[in-house]
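A.B. asks: Okay, predicted coordinates and the sequence, questions at the end:
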Amino acid sequence: MPVTKWSVEEVLRKGVQLSDLVTTYRADLAPRLDANVIEGFLSDLPALRDEVSRVSGAHLEKAGETIRQDDVAREAARTAITFREAVKSTFSRKSPVRAAFGIGGRIDETKVGSVATALAVLVHAAEEDPVSARAAGILSSDLADLKAVYDKLVQADRTQELAKGSAKGATATRTARHVRVEAAMTRIVGVSGIVFRKRPEIAQRFADCLPRTARPRKKKA
């Protein structure tokens, strides 16, 4: 992924200042710059601002779906444990029925796969051995409920994964535009030094539009 030099907040703040100068002195700058530099900068800057909002929204959606997935997983785990307890209370510790219903295996409510497997094992065992299931008080209507809980869990996981992918894609798009805006700002300010070399006060106004503080780098673990 491309690396940015400055924070997006600084780029947006300084970029607005630079866009005002570019609009005012465009005729002076244009002969020394490729046509797409100025046009690209003026269109990318507001688009970057919009993408910052979209990325924030995508990450909020991702966080919300993760919370929902966690809630569904906890509810599903409690359901599986409740049915396991009914089987445990009916059959002795050495009974093979216990193992068939998944008793003895750990359910990790923080992992969708663990909870989903526990539910699937319960349903399969009850369908394969309806007599033992009935002895434990498990009815056919309960199996429908277990299947519904399983489907809800799988759907929550799928939705969370989609939200995660959306957030990742939005971030990549924003970063690419961020890099383009930085490059355009650097190019424009660099050329402005030549254009306004005999008008240093204007050259300085352009120079002041580049952020001075580099974006903090993440420390390597």
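C.D. replies: Happy to help now that I have it.
A.B. asks: May I ask which helix or strand of the protein has the lowest mean pLDDT?
C.D. replies: Here the helix or strand of the chain ranked lowest by mean pLDDT, DSSP states H and E is helix 35-90, holding a mean of 78.
A.B. asks: Beyond that helix, next helix or strand please.
C.D. replies: helix 96-100 (DSSP states H and E).
A.B. asks: name the helices or strands packed onto that following helix?
C.D. replies: Counting by 3 or more Cβ pairs under 8 Å, 6 or more residues apart in numbering; DSSP states H and E, the packing neighbours recorded for helix 96-100 are helix 35-90, helix 112-128. Every C-beta, even on glycine, is put in place using the N, C-alpha and C of the backbone.
A.B. asks: What lies in contact with it?
C.D. replies: Helix 96-100 is contacted by residues Val87, Lys88, Thr90, Phe91, Ser92, Gly104, Ala125, Glu128, Asp129, Ser132 when judged by Cβ atoms under 8 Å, 6 or more residues apart in numbering.
A.B. asks: Pick the one among those residues closest to Ile188.
C.D. replies: Gly104 (68.6 Å; Cβ to Cβ).
A.B. asks: for that closest one, helix, strand, or coil?
C.D. replies: Following DSSP: H, G, I helix; E, B strand; the rest coil, Gly104 is assigned to coil.
A.B. asks: Please list all residues in contact with the residue lying farthest from the centre of the chain.
C.D. replies: Relative to the C-alpha centroid of the chain, counting by Cα atoms, centre = their mean, Lys198 is the outermost residue, at 49.6 Å. Listed by Cβ under 8 Å, 6+ apart, Lys198 has no contact partners.
A.B. asks: now Glu128: how far from Val87?
C.D. replies: Counting by Cβ to Cβ, to the nearest Å, the separation of Glu128 from Val87 is 13 Å.
A.B. asks: higher neighbour count, these two?
C.D. replies: Val87 (24 against 10; other Cβ atoms under 10 Å).
A.B. asks: doesn't Val115 make contact with Asp157?
C.D. replies: No: applying Cβ atoms under 8 Å as the test, Asp157 and Val115 come out as separate, 9.7 Å apart.
A.B. asks: Those two: who's more crowded?
C.D. replies: Comparing Asp157 with Val115 by other Cβ under 10 Å, the one with more neighbours is Val115, at 27 against 18.
A.B. asks: Quick check: the more buried one touching Glu109?
C.D. replies: Yes: in this structure, Val115 is within contact of Glu109 by Cβ under 8 Å, at 6.0 Å.
A.B. asks: Common neighbours of those two, please.
C.D. replies: In contact with both Val115 and Glu109: Ala73, Ala76, Ala77, using Cβ under 8 Å, 6+ apart.
A.B. asks: what's the closest of those to Asp28?
C.D. replies: Ranked by distance to Asp28 (Cβ to Cβ), these are led by Ala73 at 61.7 Å.
A.B. asks: Could you check how many residues crowd around Ser186?
C.D. replies: Actually, residue 186 is Thr. It isn't Ser. Close neighbours of Thr186, defined as other Cβ under 10 Å, add up to 12.
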